[in-house]
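[1] With the sequence up front, the predicted model follows.
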Amino acid sequence: MSVGVVIPAAGKGKRMKSAVSKQFLDLYGEPIFIRTLRVMTTHPAVKHTVVAAGRDEMAQVESLLAEYGLSSSGVEVVPGGRERQQSVFEGLKRLQSEWVLVHDAVRPFVSHERITALLTAAQETGAAILAVPVKDTIKEVEAGVVSHTLKRSRLWAVQTPQAFRRDLLLQAHQQADSDVPATDDAMLVEAIGASVRIVAGEYDNIKLTTPEDWVLADAIWKKRSMEQ
Ligand SMILES: Nc1ccn([C@@H]2O[C@H](COP(=O)(O)OP(=O)(O)OP(=O)(O)O)[C@@H](O)[C@H]2O)c(=O)n1
Ligand SMILES: C[C@](O)(CO)[C@H](O)COP(=O)(O)O
């Protein structure tokens, strides 16, 4: 199975409120995105990885790839876009593999076991995503008032990686409605009528987004260290 990876890493991390873009923040001795790349590039199915970096951060990414020994791991850097969707599209255009994984640079805790399960599921319908059942009750709100309570048993919190047949994802990006930025790639594939398979993720496959997430990251890191 030939798999290429797109790592969108061109965000500014506004919600993290950090001095530097959060993907560069240190996570126990290595930048977050380096830890994420190490997981993805060491999966046996992965042959080529493209990092979509901020235009003003490309040299920094290239330098860190060299510093942490990832330059010769089939990792290429391209300029990302103003929205995550554009960054993914730029990376996707560089891949030739039959299958593609799209994975946030700031999700360093995904496991090879879940990546393998995701790739297996994707081969059934051409698209599969990791997700976990929602634990809280979710409500729609309009003008500060609840307008609708969603049926929790049908709700999943979506993660990455997301796996697709490359030609399907390329078609989805090419046909995307640019007026409605997609917050994940599955949304684009759904929009062209493809079935997206849900694969059980892990609750510790968190996306580092706000300062509070560091507490979680620390606990996950310590738990993993004790298990080794
Ligand atoms: N124009 C963008 C925006 C986001 N991303 C990437 O998409 C992933 C998930 O996005 P998110 O967590 O929202 O990161 P930011 O956009 O940086 O965060 P914020 O919304 O708080 O600014 C991150 O790896 C981020 O670097 C990207 O490649 N290009
Ligand atoms: C793709 C994603 O991680 C799935 O939950 C999420 O939609 C990314 O959102 P962000 O605002 O770009 O972090």
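    It's in. Ligands and ions are numbered 1, 2, ... in the order given.
[2] Quick one: residues contacting the residue nearest to residue 208 when sequence neighbours are not counted.
    Distances taken as CB to CB, 6 or more residues apart in numbering place residue 106 nearest to residue 208, at 4.5 Å, with adjacent residues excluded. For the C-beta atoms, the positions are set from N, CA and C on the backbone; glycine is no exception. By CB atoms under 8 Å, 6 or more residues apart in numbering, residue 106 lies in contact with 11, 13, 22, 23, 32, 33, 36, 207, 208, 209.
[3] Neighbour-wise, which one of those leads?
    residue 23 (30 neighbours; other CB atoms under 10 Å).
[4] Pull up the gap between it and residue 52, please.
    Counting by CB to CB, to the nearest Å, the separation of residue 23 from residue 52 is 11 Å.
[5] what does residue 20 give?
    Distance of residue 20 to residue 52, computed by CB to CB: 17 Å.
[6] So for those two, which residue has more residues nearby?
    Between residue 20 and residue 52, counting by other CB under 10 Å, residue 52 is the more crowded of the two (29 against 14).
[7] can you list contacts of the helix or strand harbouring that one?
    Assigned by DSSP states H and E, residue 52 belongs to strand 46-53. The contact list for strand 46-53, computed with CB under 8 Å, 6+ apart, reads 2-10, 33, 37, 40-41, 60-61, 65, 73-81, 87-88, 90-92, 94-97, 101, 105.
[8] ok but the residue nearest to residue 208 is inside a helix, no?
    No - looking at residue 106 with DSSP: H, G, I helix; E, B strand; the rest coil, it is coil, so not inside a helix.
[9] Quick check, pLDDT for it.
    For residue 106, the model assigns a pLDDT of 98.
[10] and what of the one 10 residues further on?
    On the pLDDT scale, residue 116 is placed at 98.
[11] neighbours around it, how many?
    For residue 116, using other CB under 10 Å, the count is 14.
[12] Could you double-check that it sits in contact with residue 1?
    No - using CB atoms under 8 Å, residue 116 and residue 1 do not qualify as a contacting pair, with a distance of 9.7 Å.
[13] quick check, stretch 13-32 touching ligand 2?
    No - using CB under 6 Å from any ligand atom, stretch 13-32 stays clear of ligand 2, coming no nearer than 8.2 Å.
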